[in-house]
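Participant: Sequence and predicted structure are below.
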Amino acid sequence: MVFMSQWKSCLHSNTYTINSYDAMGMCSFYLLFIGICALLFIIVILLFGDLPNYRDTILNKLHHILVENFFKFITNKLQQFDNTYLNSSLTSQKGKLRLKWLFGWTVPILYLIIFTKCLKLFFDYTYTQIIKYEETLQSPTNWGLRYWFVIIPLIIINYVTFLLAVFSDPGVIGPKRECNFNTSQLQAEFPNDGILFPPEIVCSTCKIKKPPRSKHCSSCDRCVLMFDHHCIWLNNDVGYYTFRWFFLFLCSICIIFVYGGYLSFYSLQVYLKSGNIPENINKASTPKKYWRLIKQTTVGNEITGILLLLCLLLFPLIGYFLVETTWSIYLGVTTNEIGKWNYINELINHDLVYQFDPEDGSAKVYLILTERLPGGQGKFMALSDRSSFNSNIGGSLEPVKGWDDLKNIYDRGFWLNAKQKLFPTSF
Ligand SMILES: [Zn+2]
Ligand SMILES: [Zn+2]
């Protein structure tokens, strides 16, 4: 309500006193804030809404509405334009591939441009202000050391890990990397778990055998070793060989948000200490003081304020994603497997998963009840190889009561999971 009245007042005011300038500033600040929040919300929906962890959540529904409506709208408009002006050359098979390629590269290129622009603004205004102030002190902090040993390495790590995550091979299975299923190394790295992955699965699209934990990426049309997810930020798959770069990139960008946010705030504090501050800023309460400092003093402070706001808003979002990725290392799962585990958990909740312990002492088999028959009997499918299973052979049949009854053999403990994901073996 406060925002609405301020917005109206600034729409109707013709004279600019200090107060109306302030209100005008508050308006643009709120509009900027709401704009950034809306943009972030859309990015969250686009990036995370389709991940298996969010299946059947509001985020997933919004993703489908946004993607379906947005793409329908864009496709219709493009088709009209194409039919009228380009003689249908865009909507041909070749044209569609070209468009897919163009859309795919838009996000990573846009990220690189925005990030580089923000860095330039940071060094031109925020950092320069700190250095100028420090030069006036009798015992200045050694900013040369911080510059060469913290700031520059952080930026280099960020660029390098991003480019490696974008351009590295995620672990594509194809003619170049035909997996030899007889090698003990491959079996040790990607064993059959008898639950999520049957042995020697054949991809229905590529028609090739793929080891457990691999998956076909429909966006890239290829099978990838230890597939985690297709990342539109990178326009690449996060898989066996790219997970490490993706993880390091997330770590470096989180540190940049924290340290960059701190330096932006410090730069504003430095300006306050430098004297010659107008009375209306000096005597204002803390949030107002910083707001007026950003809006009413110099272009540098305005830019620093926007950088601070970006760090404050983006850190929780990327930080959350980093925590979730670290948690997946701890659990020994990939994002793709989380979806599969959630599905099995749903089956357990509907009493459809059983454990069969054969009398002959061979290994336990997990079964899914596919059809209930009269007399308490049923038809089953073995999870180990997806074959139909006859439970008439001797053994005990027990319903699986909870998640904990099933063992995730890919969870080897945090450090071994981290070693596998961050230092992959070459195949
Ligand atoms: Zn992909
Ligand atoms: Zn495939």
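Facilitator: Cool, the structure landed. Ligands and ions are numbered 1, 2, ... in the order given.

Participant: can you tell me how far the closest residue to ligand 2 within the stretch 1-150 of the chain sits from residue 195?
Facilitator: At 17.3 Å from ligand 2, residue 100 is the closest residue in the stretch 1-150 of the chain, using Cβ to the ion. For the C-beta atoms, the positions are set from N, CA and C on the backbone; glycine is no exception. Using Cβ to Cβ, to the nearest Å, one gets 35 Å for the distance from residue 100 to residue 195.

Participant: which one of the two has more residues nearby?
Facilitator: Shown here are residue 100 and residue 195; by other Cβ atoms under 10 Å, residue 195 has more neighbours (17 against 12).

Participant: Look up phi and psi at the closest residue to that one other than its chain neighbours.
Facilitator: Nearest non-adjacent residue to residue 195, counting by Cβ to Cβ, 6 or more residues apart in numbering: residue 383, 5.2 Å away. When read as degrees, to the nearest 10, the backbone of residue 383 gives phi -70, psi -30.

Participant: what about residue 383, how many neighbours?
Facilitator: With neighbours defined by other Cβ under 10 Å, the count for residue 383 comes to 23.

Participant: Same question for the one 5 residues further on.
Facilitator: Close neighbours of residue 388, defined as other Cβ under 10 Å, add up to 11.

Participant: now do residue 361
Facilitator: Residue 361, neighbours per other Cβ under 10 Å, totals 7.

Participant: got it, and the one 5 residues further on?
Facilitator: As a burial measure, the neighbour count of residue 366 was computed by other Cβ under 10 Å and equals 22.

Participant: quick one: secondary structure of it?
Facilitator: Under the three-state scheme (DSSP: H, G, I helix; E, B strand; the rest coil), residue 366 adopts strand.

Participant: just residue 381 next, same as before
Facilitator: For residue 381, the assignment made with three-state DSSP gives strand.

Participant: shouldn't it be in contact with residue 368?
Facilitator: Yes. Residue 381 is within contact range of residue 368, at 4.9 Å (criterion: Cβ atoms under 8 Å).

Participant: of those two, who's got more company?
Facilitator: Of the pair residue 381 and residue 368, residue 368 is the one with more neighbours under other Cβ under 10 Å, namely 19 against 16.

Participant: who's the more buried one bridged to?
Facilitator: Applying DSSP bridges to residue 368 gives these bridge partners: residue 353, residue 381.

Participant: Could you list which residues are in contact with it?
Facilitator: Contacts for residue 368 (Cβ atoms under 8 Å, 6 or more residues apart in numbering) come out as 347, 352, 353, 354, 380, 381, 383.

Participant: Would you mind measuring from it to residue 172?
Facilitator: From residue 368 to residue 172 the distance is 31 Å (Cβ to Cβ).

Participant: now do residue 254
Facilitator: Residue 254 sits 29 Å away from residue 172, going by Cβ to Cβ.

Participant: Report how many residues lie close to the residue in the stretch 301-427 of the chain that ligand 1 sits nearest to.
Facilitator: As assessed by Cβ to the ion, ligand 1 sits closest to residue 336 within the stretch 301-427 of the chain, at 11.4 Å. Neighbour count of residue 336, defined by other Cβ under 10 Å: 22.

Participant: Then residue 135?
Facilitator: 9.

Participant: Check the one 4 residues further on too.
Facilitator: The burial count assigned to residue 139 is 5, neighbours taken as other Cβ under 10 Å.

Participant: sec struct for it, please.
Facilitator: Classification of residue 139 using three-state DSSP returns coil.

Participant: for residue 341, same thing?
Facilitator: Three-state call for residue 341 (three-state DSSP): helix.

Participant: mind listing what it touches?
Facilitator: 196, 333, 403, 408.

Participant: Quick check: phi and psi at the last one.
Facilitator: Backbone dihedrals for residue 408, given as degrees, to the nearest 10, come out at phi -90, psi 100.

Participant: Leaving aside the residues adjacent along the chain, what's closest to it?
Facilitator: Nearest non-adjacent residue to residue 408, counting by Cβ to Cβ, 6+ apart: residue 332, 5.9 Å away.

Participant: what about the one you found, neighbour count?
Facilitator: Neighbourhood size, residue 332 [other Cβ under 10 Å]: 19.

Participant: So of the contacts of residue 341, which two are at opposite extremes in space?
Facilitator: The distance between the two most remote of those (Cβ to Cβ) is 13.2 Å, for 196 and 403.

Participant: neighbour count winner among these two?
Facilitator: Neighbour totals were compared for residue 196 and residue 403, and residue 196 leads with 21 against 13 (other Cβ under 10 Å).

Participant: Narrow the contacts of residue 368 to just the buried residues.
Facilitator: Buried members of the contacts of residue 368, counted by 16 or more other Cβ atoms under 10 Å: 352, 353, 354, 380, 381, 383.

Participant: circling back: the helix or strand harbouring the residue of the stretch 1-150 of the chain closest to ligand 2 near ligand 1 anywhere?
Facilitator: For residue 100, the host element (DSSP states H and E) is helix 93-121. No. Counting by Cβ under 5 Å from the ion, ligand 1 has no neighbours in helix 93-121; the shortest distance is 9.1 Å.

Participant: re earlier: per-residue confidence for the residue nearest to residue 195?
Facilitator: Listed pLDDT for residue 383 reads 85.

Participant: on that earlier part again, using TSV, lay out the buried ones among the contacts of residue 368 together with distance to residue 109.
Facilitator: TSV is the format used below for the buried ones among the contacts of residue 368 (distance: Cβ to Cβ, whole Å):
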residue	distance to residue 109
352	47
353	46
354	51
380	51
381	46
383	43
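
Participant: Strands of the stretch 101-250 of the chain, residue ranges please.
Facilitator: Secondary structure of the stretch 101-250 of the chain (DSSP state E, counting those that start in this stretch): strands located at 172-173, 201-202, 209-210, 215-217, 222-224, 229-231, 236-238.

Participant: Up against ligand 1, what does this structure have?
Facilitator: Counting by Cβ under 5 Å from the ion, the residues of the chain close to ligand 1 are 217, 219, 220, 230, 237.

Participant: Show me which pair in the residues you listed is furthest apart.
Facilitator: Greatest spatial distance in the residues of the chain next to ligand 1: 219 and 237, 8.2 Å, computed using Cβ to Cβ.

Participant: Who has more neighbours out of these two?
Facilitator: With neighbours defined as other Cβ under 10 Å, residue 219 and residue 237 compare such that residue 237 has more, 29 against 13.
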